[in-house]
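> next input, structure requested:
(2 chains, ligands or ions: 3)
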Amino acid sequence: MELPVTAPPTPTGGCSAQGCGSSERQQAGLPDDIRRRVQDHPCYSEEAHHHFARMHAAVAPACNIQCHYCNRKYDCANESRPGVVSEVLTPEQAVRKTLVVAAAIPQMSVLGIAGPGDPLANPERVFATFRDLAAKAPDIKLCVSTNGLALPEHVDELARHNIEHVTITINCVDPDIGAQIYPWIFWQHRRVFGREAAAILIEQQQKGLEMLVARGILVKVNSVLIPGVNDRHLRDVSRIVKAKGAFLHNVMPLISAPEHGTFYGLSGQRGPTPAELQAVQDDCEGNMNMMRHCRQCRADAVGLLGEDRGAEFTREKIDAMLIDEEFTRAALARRVEMRQRIDAERQARAQERSAQATGKAGGIVSPCGTATPASSQHVITLHRPARSCVVAPPPGRPVRMAVAAKGGRVAVHFGHAREFLVYEASADGARLIGHRQTDLYCSGDDSCGDAASVLSRTIAALAGCEVVLCAKIGFEPWSKLEAAGITPNGEHALEDAAAAVMAVWHEMLAAGRLAASADDTRRSA
Amino acid sequence: MALAIVDSCVNCWACLPVCPNQAIQAAAPPDLPHFSIDAMACSECLGDYARPQCAEICPVEGAIVDELGDALNPPGSLLGLSPAQWQDVQQRCVQQGNPQQDTTQRANTSAARGETP
Ligand code: SF4
Ligand code: SF4
Ligand code: SF4
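Ligands and ions are numbered 1, 2, ... in the order given. Reported below is the predicted structural model:
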């Protein structure tokens, strides 16, 4: 049975990745020039990922180290989901594919090379791709992800190719911890094992980081969170890489299972729980949590973040196409036009959001009854009222809420949501802190069992959230959610996700439900 | 004299770019299910490097053998997994009809739940 809470979800914008919407906050800690450089990058700018598409080209198969979470049969686990195999492309094929995709998807703004092995263990193939593409589609930004071992020797070449961003996977800065993650590396024509290997790798990574920063190339650092191995250490990693100039530190969960045939999978090393992951992310990322929308895409992913249109661009199709100057020129013109449209839409959205924040989301009612608009809580009251009001109004504890969103709006039916965005709402606004995927819990096949257990898995995925916002929800899930202590809310259908979360938070505040300390709830969750 | 690649090769490409003699050929299924070494071109790296480069970088124990069929990276030498565990891995890999879908989903399920596999 459907509860008639809202209008049906309507598709918006074409962003199948889920919406978020607070990019100004997300990027607040960044210097202006960096903000400008990342604002159109779907992987770095949380807001841009609704609008811009990226693709990965699998031109770099070889790898020069061994990570315990990788068995090398599949794509590099540093940059993509484990257990995935991409078809390796030659540089010529990769350029053709990029041109075709960028013609079909005018939102295309970035080509990344992240594998399936380590790009810098395949330098000829990678640089040949960049060289050719820069000539034919100069507007496409280029980026590379690497384990860092061969980075110092290639930094100058990267700079020559105008690479804007480099991602280095740095799991540790301590060789003793490194020895538990990397069994060996291939270094100067021989295999080096254990602590010695880890020490060399760490030194190369740090040197590469410094050299990139010195040349003005943006560096993002990825870390794989391995419980019991580097969970406590990542704080130090974060401090050091940020001090050296990395503009972003992204902590990703270890995904480990015996089926992967990895050392960790077989030796029973587990991945982190969502709560463990969030705790470390909070520690490491501080307010610059721009990567919480990271989907750990595969090395041949195509399209907007959270979707993969790779299957549409088969090799046969691409080989059959005529790609001449006319074709590339027309595609370029379409992309330029698309970018102008997106700019206009983003401006409109930003205005709508600020309007909602001041008007619709309501204000905070102070103990003396004067309402302060949400957007100006920091403004000090001019005429000092009675004594009880000198004390700042109780700020209200932070509350985690899940949103079934599409295109940045509350637009998905609870039962259809494959992914929920998790926000933390507080007096400071709504902060996106992560996303929970229900298909991680249910693949929809027989192994999933009946609908009831699917539902209970979804509810498990929402652990720690007190409210779930969706466009519509059936009766059964409604009661089950309530029984689990999660309040379903269907009253904000089609509203901007972050604004809706704040509206609910202010309702809770007004109803006096936000008095308890945040830590209590979080722990009991 | 030459080294050879056997069918435990996982087609990871690591060996191909490091060979000084371009002696290594990529897999091309179904005719060439895994990487292979052209015995005429392979010098076992003599004169170029102290050690055969393909065997130094190959991540799979037992995938590269010498003329006597002995593995250059014998079981247990690279990952510290026991031969029994390795056999288990190999079997699982063979059994999987569609490794992509299958393993990703199962893996993500247990990782997201934080289960110890
Ligand atoms: S760097 Fe990537 S491809 Fe290489 S071993 Fe590590 S996870 Fe695998
Ligand atoms: S031993 Fe040396 S020459 Fe022979 S295939 Fe391996 S890398 Fe090439
Ligand atoms: S390095 Fe080993 S596993 Fe990888 S392709 Fe070469 S022989 Fe096969």
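
> got the domain ranges for chain B?
Per automatic domain parsing, the structural domains of chain B span B:1-74, B:78-112.

> ranking these by mean pLDDT, which is last?
With a mean of 49, domain B:78-112 has the lowest mean pLDDT of those.

> would you list the phi and psi of residue A:421?
When quoted as degrees, to the nearest 10, the phi and psi of residue A:421 stand at phi -90, psi 140.

> that one: how many residues sit nearby?
Close neighbours of residue A:421, defined as other Cβ atoms under 10 Å in any protein chain shown, add up to 30. (C-beta placed from N, C-alpha, C; glycine too.)

> try residue A:162
A count of neighbours around residue A:162, defined by other Cβ under 10 Å, yields 12.

> how close does residue A:222 sit to ligand 1?
With the distance defined as Cβ to the nearest ligand atom, to the nearest Å, residue A:222 ends up 11 Å from ligand 1.

> can you check residue A:192 too?
In this view, residue A:192 and ligand 1 are 14 Å apart by Cβ to the nearest ligand atom.

> who in chain B is up against ligand 2?
Contacts of chain B with ligand 2, taken as Cβ under 6 Å from any ligand atom, map to B:3, B:19-21, B:23-24, B:37, B:42-45, B:52-54.

> out of the residues you listed, who's near chain A?
residue B:53 (Cβ under 8 Å from any Cβ of the partner chain).

> could you list which of the residues of chain B next to ligand 2 belong to strands?
B:24, B:37 (DSSP state E).

> what about the longest helix in chain A?
Longest helix in chain A, counting residues (DSSP state H): helix A:325-358.

> what packs against it?
Applying 3 or more Cβ pairs under 8 Å, 6 or more residues apart in numbering or on different chains; DSSP states H and E, one finds that helix A:325-358 contacts helix A:91-104, strand A:108-113, helix A:497-510.

> how is chain A carved up into domains?
Domain assignment for chain A by automatic domain parsing gives A:18-319, A:393-524.

> where are the low-confidence patches of chain A?
Scanning chain A with the threshold set as pLDDT under 70 gives A:1-51, A:74-86, A:285-311, A:313, A:352-394, A:438-452, A:516-525.

> and the residue of it nearest ligand 2?
Nearest residue of chain A to ligand 2, counting by Cβ to the nearest ligand atom: residue A:189, 10.1 Å away.

> that residue: neighbouring residues, count only.
For residue A:189, the neighbour count with other Cβ under 10 Å is 15.

> OK, contacts around it?
Applying Cβ atoms under 8 Å, 6 or more residues apart in numbering or on different chains, we find residue A:189 in contact with B:18, B:49-51, B:53, B:56.

> about what we covered before: and the helices and strands packed on helix A:325-358 as CSV, adding distance to residue A:266 and mean neighbour count?
Listed next are the helices and strands packed on helix A:325-358 as CSV, based on distance: least, Cβ to Cβ, whole Å; neighbours: other Cβ atoms under 10 Å in any protein chain shown:
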stretch, distance to residue A:266, mean neighbour count
helix A:91-104, 33, 22
strand A:108-113, 30, 24
helix A:497-510, 40, 24
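
> of the contacts of residue A:189, list those near ligand 1.
Okay, of the contacts of residue A:189, nothing touches ligand 1 (Cβ under 6 Å from any ligand atom).

> now, of the residues you listed, which are buried?
Neighbour-count burial (16 or more other Cβ atoms under 10 Å in any protein chain shown) applied to those gives B:18, B:49, B:53, B:56.
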